[in-house]
Structure formats: structure tokens, C-alpha cells
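Undergrad: only the shape, not the letters, is given here:
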């Protein structure tokens with residue numbers, strides 16, 4: 001910190017990015033199986049990024065160019081049953097500077113640096129079925145295969161990241177990440193009872209993650225394992241892994257009251273993730289369970305709710321368990337048309353009051369490297385406003 005009590009800027013990220021997208025829908029086609037609808041398109045992007053600061057350079061200037069083509073088709077076999085298919089092919093070219101670190105990833109020798117370029121072709125495809133079990137209730141089954149090219153940070157990182165208090169080391173030899181997913185879900189979006197629930201299973205080939213090495217560093221690699229103490233050293237690594245999880249949300253309108261309706265809602269989600277050779281995947285969120293009471297009418301919206309995050313003790317090497325916490329919050333808002341405006345396209349104005357963490361509980365985010373040092377915000381109340389242009 002400076003003499004004024006304001007922290008210095010640890011790192012400055014400079015980003016220039018542009019992207020474009022063209023998409024076209026074709027007219028419905030009457031086939032002997034049913035009606036076919038769909039779209040196809042192209043997408044491209046160019047990104048230039050660098051990250052450096054007084055302490056050291058996290059990323060040398062680099063460039064990422066992408067070009068992709070995609071296709072989506074939906075076939076209505078009957079009023080209740082629809083089949084969906086999609087595909088994507090993406091070319092990614094990344095140029096930058098790769099750092100060659102010594103064995104053991106400890107100083108005092110600095111790494112060698114060489115100009116590097118990596119190119120990847122990622123292929124993705126999905127198949128799905130939507131079936132209306134009864135009026136408004138939709139059952140869905142989806143299978144997909146997705147390839148992802150590594151990001152420039154995963155390839156070429158080589159220095160301190162002050163925001164996360166880590167010294168990050170990329171792997172220029174990282175390959176594409178591959179994921180095979182099957183998901184089963186059910187949804188009812190309208191009516192007195194509404195819900196959306198899903199179960200999924202994903203098998204990753206070459207899952208890319210940040211691995212804690214146990215080595216401490218300061219702002220330069222020469223300090224890693226040789227007197228460094230401020231930053232945790234992490235290395236981008238790849239291992240096969242399996243993720244399994246579930247998500248569920250439900251809302252029920254209990255009864256009319258005043259000019260609107262009051263009801264109850266609930267939610268639950270979890271994910272289990274393990275490497276195929278054994279051990280937990282790091283920084284996986286805990287089980288979460290919540291619920292609340294709500295009221296709504298044409299102008300007013302109100303809700304009081306609680307969300308409990310359970311203790312997370314399924315941890316990887318180098319991690320520490322994270323305690324459970326409970327968040328109590330509420331929100332009240334009023335929406336109206338802007339005076340003088342009329343018609344269905346008239347802009348609307350919303351003003352409200354939102355309260356969070358009213359119990360002032362100690363909340364630590366398990367996915368953060370700084371969870372043991374930094375708490376998430378405590379009790380807070382704020383006024384907000386927004387304008388929606390229809």
C-alpha cells in the first residue's frame with residue numbers, strides 16, 4: 001500500500017478485442033418425418049492481450065484468432081416430440097511467448113522464453129429430444145460432445161497474478177479439452193406450479209485446471225521456493241475427470257392476496273467432480289439449498305429468501321475445507337411506465353430495495369484461491385433503479 005493507504009496497481013491487463021457473427025435461418029421444410037427448422041452461421045474473432053505490472057509480467061503480448069462455423073436443426077416429429085441436432089467447427093490460432101521453466105519449478109534461475117504459436121481445431125456436436133409429457137411439462141434428453149481449445153493464459157502464463165495472489169505457470173504443450181455429456185431434465189414454465197430440474201454426467205478427457213504445487217513465490221520466478229512467501233504457485237495441468245451433478249428450482253403460487261399472488265419457491269444444486277485416477281477436482285462449489293416467500297402483482301415484486309451452502313470437505317491436495325454459511329436476503333421493487341410514455345413499447349422504470357446477508361454470516365467462496373484471507377461482503381442494503389426499453 002502507498003502512504004495514502006491506497007493499494008498500488010498490481011497488474012494491468014490490456015485487451016483489444018473484436019468479433020463478428022453472421023447467422024441465417026432457413027424456411028421450414030416439410031419432410032416426410034415432419035417439419036424441419038434451423039439456422040447456420042459463421043463467427044470470427046481477434047483478441048490481443050497483455051498483462052504486466054510492477055511486480056512482473058503474467059502474460060507477454062499475445063494474439064488469439066478464431067473462426068468458426070455452426071449449424072442447428074430441429075425436426076418436429078409430432079405436436080409433442082421434437083428432435084434437435086447441432087454442430088460447430090472452430091479454428092483457433094494463438095501466438096505469444098512461451099516460458100520454459102526448470103524442473104521442479106523452483107528458482108533461482110529464470111525461465112527461458114521463446115516465441116510460440118499453437119493452432120487447434122475444435123469439433124462439437126449435440127443431439128437432443130424434447131417431449132411434452134403433458135400440457136406445459138417438457139421432458140428433455142441431451143447428449144453432446146464438446147472440444148475446447150486451451151486459452152492463452154493456460155498456455156503462456158508466466159508470472160504473478162495479484163488479484164488471486166497466485167504465481168501462474170502455463171503449459172505450452174496443453175492439448176484440447178474434450179467433454180462428453182448426457183443430461184436429463186424436466187421443465188414446466190407456466191401455471192400455478194413451475195419447476196426446472198436436471199441431472200447430468202460429464203466425462204472429461206484432458207480437463208484443464210489450476211494445480212497448486214505447494215511452492216511459495218514473490219513477484220518473480222527466481223523467488224519461487226527460494227524465500228518467496230506472498231504468492232501460491234499454480235500450474236495449468238490436464239487430467240481426465242468425471243463430473244456429476246443436479247440442479248432444481250421450483251415455485252408455487254399459494255393463493256391470491258391483495259392485487260396479486262403470494263407463493264413459495266425453492267432450489268437445490270450440487271456437483272461432484274473427481275479425477276479418473278483418484279482424488280477430488282479442486283475448487284468445486286458445495287451443495288446449496290434454498291427457499292423463500294414471494295409476492296407479485298402488475299407493479300410490485302417482493303421476496304424474502306434463505307440460501308444455505310453446506311461445508312465443502314471434498315478437497316484436492318493443497319486445499320483446505322470451507323465452512324458452511326447461510327445467506328438471508330430480501331428484495332422489494334416497484335415497476336411503472338415512465339410518465340408521458342404510452343403504448344405497448346413504452347419504456348418502464350423499476351426502483352427497488354435489496355438486502356443481502358442480513359445475518360452478517362462469514363461467507364467464504366470455496367472456488368477462490370483467497371478464501372482463507374478474504375470474506376465475501378457482509379450485511380448490505382442498497383437502493384437500485386433501472387430503465388427497460390421495450
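TA: Received it, and whenever you're ready, just let me know what you need. The shown structure was predicted, so the numbers you read here are calculated from the model rather than taken from an experiment. Residues are numbered from 1 along each chain as shown.
Undergrad: pairing partners for the lengthiest strand in the chain, with directions?
TA: If you go by DSSP state E, the chain has its longest strand at strand 231-257. Neighbouring strands of strand 231-257 in its sheet, by DSSP bridges, are strand 166-169 (parallel), strand 193-217 (antiparallel), strand 260-275 (antiparallel).
Undergrad: can you give me the buried ones in the last one?
TA: When you say that, I think you mean strand 260-275. Counting neighbours by 16 or more other C-beta atoms under 10 Å, one finds that the buried residues in strand 260-275 are 260, 262-263, 265, 267, 269-271, 273-275. The C-beta positions use only the backbone N, C-alpha and C, and glycine is treated the same way.
Undergrad: any idea which helix or strand comes after that strand?
TA: strand 288-296 (DSSP states H and E).
Undergrad: relative to the lowest-mean-pLDDT helix or strand in the chain, what are the paired strands and their orientations?
TA: In the chain, no helix or strand scores lower on mean pLDDT, DSSP states H and E than strand 158-161, which sits at a mean of 92. Sheet pairing for strand 158-161, assigned by DSSP bridges, gives strand 166-169 (antiparallel).
Undergrad: model confidence score at residue 68, please.
TA: Looking at residue 68, its pLDDT reads 98.
Undergrad: can you pull the domain assignment for this structure?
TA: Per automatic domain parsing, the domain ranges recorded for the chain read 12-282, 285-390.
Undergrad: out of these, deepest packed?
TA: domain 12-282 (a mean of 16; mean count of other C-beta atoms under 10 Å).
Undergrad: gap between the two ends of that one?
TA: The first and final residues of domain 12-282 sit 27 Å from each other (C-alpha to C-alpha, to the nearest Å).
Undergrad: roughly how far is it from the heart of the chain?
TA: A distance of 7 Å separates the centroid of the chain from that of domain 12-282, by C-alpha atoms, centre = their mean, to the nearest Å.
Undergrad: need phi/psi at residue 221.
TA: Note on residue 221: backbone dihedrals following degrees, to the nearest 10 are phi -60, psi -30.
Undergrad: contacting residues around it?
TA: 101, 107, 110-111, 158-159, 167 (C-beta atoms under 8 Å, 6 or more residues apart in numbering).
Undergrad: before we move on, what about residue 69?
TA: Residues counted as contacts of residue 69 (C-beta under 8 Å, 6+ apart) are 40-43, 88-89.
Undergrad: show me the strands in the stretch 1-150 of the chain, by range?
TA: Along the stretch 1-150 of the chain, counting by DSSP state E, counting those that start in this stretch, strands occupy 12-30, 35-52, 57-76, 81-100, 112-134, 137-148.
Undergrad: so for residue 228, which of the ones you listed sits nearest?
TA: Of all these, strand 57-76 sits nearest to residue 228, with 15.7 Å by C-beta to C-beta.
Undergrad: what does the pLDDT read for residue 83?
TA: With respect to pLDDT, residue 83 has a value of 98.
Undergrad: hmm, it is touching residue 74, no?
TA: Yes - assessed by C-beta atoms under 8 Å, residue 83 is found in contact with residue 74 at 7.1 Å.
Undergrad: could you check how far residue 322 is from residue 377?
TA: 17 Å (C-beta to C-beta, to the nearest Å).
Undergrad: let me fix that, I meant to ask about residue 274.
TA: 32 Å.
Undergrad: contacts for stretch 17-30?
TA: For stretch 17-30, using C-beta under 8 Å, 6+ apart, the contacting residues are 35-48.
Undergrad: export the residues you listed to a markdown table and tack on pLDDT and distance to residue 190?
TA: Formatted as a markdown table, those follow (pLDDT from 0 to 100; distance: C-beta to C-beta, whole Å):
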| residue | pLDDT | distance to residue 190 |
| --- | --- | --- |
| 35 | 96 | 23 |
| 36 | 97 | 27 |
| 37 | 96 | 22 |
| 38 | 97 | 26 |
| 39 | 98 | 26 |
| 40 | 98 | 31 |
| 41 | 98 | 30 |
| 42 | 98 | 35 |
| 43 | 98 | 33 |
| 44 | 98 | 38 |
| 45 | 97 | 37 |
| 46 | 97 | 42 |
| 47 | 96 | 41 |
| 48 | 95 | 46 |
